[in-house]
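Student: task: produce atomic coordinates for the following.
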Amino acid sequence: MATLIDGKALAKKVNAQTAERVAKLKAEHNIVPGLVVVIVGDDQASQRYVRNKHRTAQKLGINSSIKQLPNSVSQDELLELINEYNADSSINGILVQDPLPDQIDEKLVTRTILPEKDVDGFHPENVGKLFLADTTDYPVSCTPKGIMTMFTEYGIDLMGKDAVMIGRSSIVGKPMASLMLNEGASVTVVHRHTKDVKFYTKNADVIVSATGQLHTLTASDIKEGAVVIDVGQNMNEEGHLVGDVDFDEVEKKASYITPVPGGVGPMTIATLMQQTVDLTEWSLMSE
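Tutor: Below is the predicted model:
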């Protein structure tokens, strides 16, 4: 039976550390980290997610604000707003919530946010630093970074391990693969065009799944003792939130596994808060 990687408990621990750092910035520098989340349109899932981020930030003492824009907003209007936040010294982290309407060039939005305020770690400059295993300070995509915190907390050493990343998105798959590679793992990235995904997963020491598809990973797809990280968030036939992994069966075979809910999700938000404070501290060091 696998050891459960409790993302909820770890997020609580990380948040407590973040709150201490926020208090220290306030006491020693009279600075309160500032985070702004821009949301376009009325996607209900995005609205809930943003509210959760906002509540968590406020609890930790971060100066959090939400800027709601109509679905009809033009690209120029959105870029102008981002540039206002770029120039605002009270804002340390800028996040533009997905999804964006068709008239918005998402890549241009990402490039417009200053790299030093890119709390999501999506700016090409920060992605390039990750790819190059740069040793300077820079933000990294929050979900993969949160998973790396899980590995550290549970003593899961990636050096020399065979790791498989299922999914190749810029938000999870590609940065996760880079992080594991930087820690000495041999990493294979598989996706919907891969001919035989099971060939790779059956031989993997570590598997991270981020497909958003039910039953992506079953017990027959893994070897005994594999570490399984489930990033997926799906609704099953009974209307319950579940991951990509057939948890009940895979748990019997894995050495470590994350649940859904209560696994990777809480760590994503905790890492966002942590990284907002990182950006604030790094800005002080660069002055």
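Student: so which strand or helix has residue 94?
Tutor: strand 93-96 (DSSP states H and E).
Student: just residue 268 next, same as before
Tutor: helix 264-285.
Student: what helices or strands is the strand holding residue 94 leaning on?
Tutor: Counting contacts by 3 or more CB pairs under 8 Å, 6 or more residues apart in numbering; DSSP states H and E, strand 93-96 packs against strand 34-40, helix 75-87, helix 264-285. C-beta here means a position set from N, CA and C on the backbone, and glycine is covered the same way.
Student: list the buried residues in the helix holding residue 268.
Tutor: By 16 or more other CB atoms under 10 Å, the buried positions in helix 264-285 come out as 264-281.
Student: what angle do it and strand 34-40 make?
Tutor: 130 degrees (axes from the mean of the first three to the mean of the last three CA atoms, to 10 degrees).
Student: average pLDDT for helix 264-285?
Tutor: Looking at helix 264-285 alone, the average pLDDT works out to 97.
Student: likewise stretch 4-24?
Tutor: Averaging pLDDT along stretch 4-24 gives 98.
Student: now stretch 232-241
Tutor: 92.
Student: for stretch 164-181, same thing?
Tutor: So the average pLDDT for stretch 164-181 ends up being 98.
Student: what's the first-to-last distance across it?
Tutor: Terminal residues of stretch 164-181 lie 11 Å apart, using CA to CA, to the nearest Å.
Student: mind listing what's buried in that stretch?
Tutor: Neighbour-count burial for stretch 164-181, counted by 16+ other CB under 10 Å, picks out 164-169, 171-181.
Student: starting at the chain centroid, how far to that stretch?
Tutor: The chain centroid and the centroid of stretch 164-181 are separated by 11 Å under CA atoms, centre = their mean, to the nearest Å.
Student: who touches that stretch?
Tutor: The contact list for stretch 164-181, computed with CB atoms under 8 Å, 6 or more residues apart in numbering, reads 121-122, 127, 130-131, 133, 140-141, 143-145, 147-148, 158, 163, 187-191, 197, 200-201, 204, 206-211, 216-217, 231, 244.
Student: mind listing the strands for the stretch 1-150 of the chain?
Tutor: Remark: strands assigned in the stretch 1-150 of the chain by DSSP state E, counting those that start in this stretch are 3-4, 34-40, 63-69, 93-96.
Student: burial of the nearest residue to residue 10 once chain neighbours are set aside, as a residue count?
Tutor: Of all residues beyond its chain neighbours, the one nearest residue 10 is residue 153 (5.5 Å), with distances taken as CB to CB, 6 or more residues apart in numbering. For residue 153, the neighbour count with other CB atoms under 10 Å is 16.
Student: pLDDT score for residue 153?
Tutor: Taking residue 153 on its own, its pLDDT is 98.
Student: so what's the backbone phi/psi at it?
Tutor: phi -60, psi -40 (degrees, to the nearest 10).
Student: could you do residue 155 as well?
Tutor: phi 70, psi 30.
Student: how much space between residue 186 and residue 125?
Tutor: Distance of residue 186 to residue 125, computed by CB to CB, to the nearest Å: 27 Å.
Student: could I get the helices and strands packed on strand 93-96 as TSV with distance to residue 99?
Tutor: Below are the helices and strands packed on strand 93-96 laid out as TSV (distance: least, CB to CB, whole Å):
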stretch	distance to residue 99
strand 34-40	8
helix 75-87	13
helix 264-285	17
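Student: of these, which is nearest residue 21?
Tutor: In terms of CB to CB, the element of these nearest to residue 21 is helix 264-285, at 4.9 Å.
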